[in-house]
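J.: Okay, predicted coordinates and the sequence, questions at the end:
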Amino acid sequence: MTTNDNAKKVYRFYSEKSVAFYENIYLS
C-alpha cells in the first residue's frame, strides 16, 4: 500500500464520519 492510498482511505473515513456527524445535528 502506498502512502497516497493510505491517505485517501483516512480522508474518506473522516469525511464519512463528519458527514454523519453533521447529518445527526441537522436532523435531530
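T.: Cool, got the structure.
J.: who does the strand or helix carrying Y11 touch, helix- and strand-wise?
T.: Using DSSP states H and E, Y11 sits in helix 3-27. Contacting helix 3-27 under the criterion 3 or more C-beta pairs under 8 Å, 6 or more residues apart in numbering; DSSP states H and E is no other helix or strand. Heads up, the C-betas are built off the backbone N, CA and C, glycines and all.
J.: I'd like the average pLDDT over that helix.
T.: For helix 3-27, mean pLDDT is 93.
J.: where's that helix relative to the chain centroid, distance-wise?
T.: How far helix 3-27 lies from its chain's middle: 1 Å, per C-alpha atoms, centre = their mean, to the nearest Å.
J.: From here on, call the first residue 94.
T.: Shifting the count to begin at 94 puts that one at helix 96-120.
J.: got the buried residues for that helix?
T.: Residues of helix 96-120 classed as buried by neighbour count (16 or more other C-beta atoms under 10 Å): none.
J.: which residues does L120 contact?
T.: The contact partners of L120, taken as C-beta atoms under 8 Å, 6 or more residues apart in numbering, number zero.
J.: Equivalent analysis for N117, please.
T.: Not one residue lies near N117 by C-beta under 8 Å, 6+ apart.
J.: Quick check: the gap between it and K110.
T.: Distance, N117 to K110, by C-beta to C-beta, to the nearest Å: 11 Å.
J.: Ok, V103 next?
T.: 11 Å.
J.: what do you get for A100?
T.: The value you get for A100 to K110, if C-beta to C-beta is used, is 16 Å.
J.: and what of T95?
T.: With C-beta to C-beta as the criterion, T95 and K110 are 23 Å apart.
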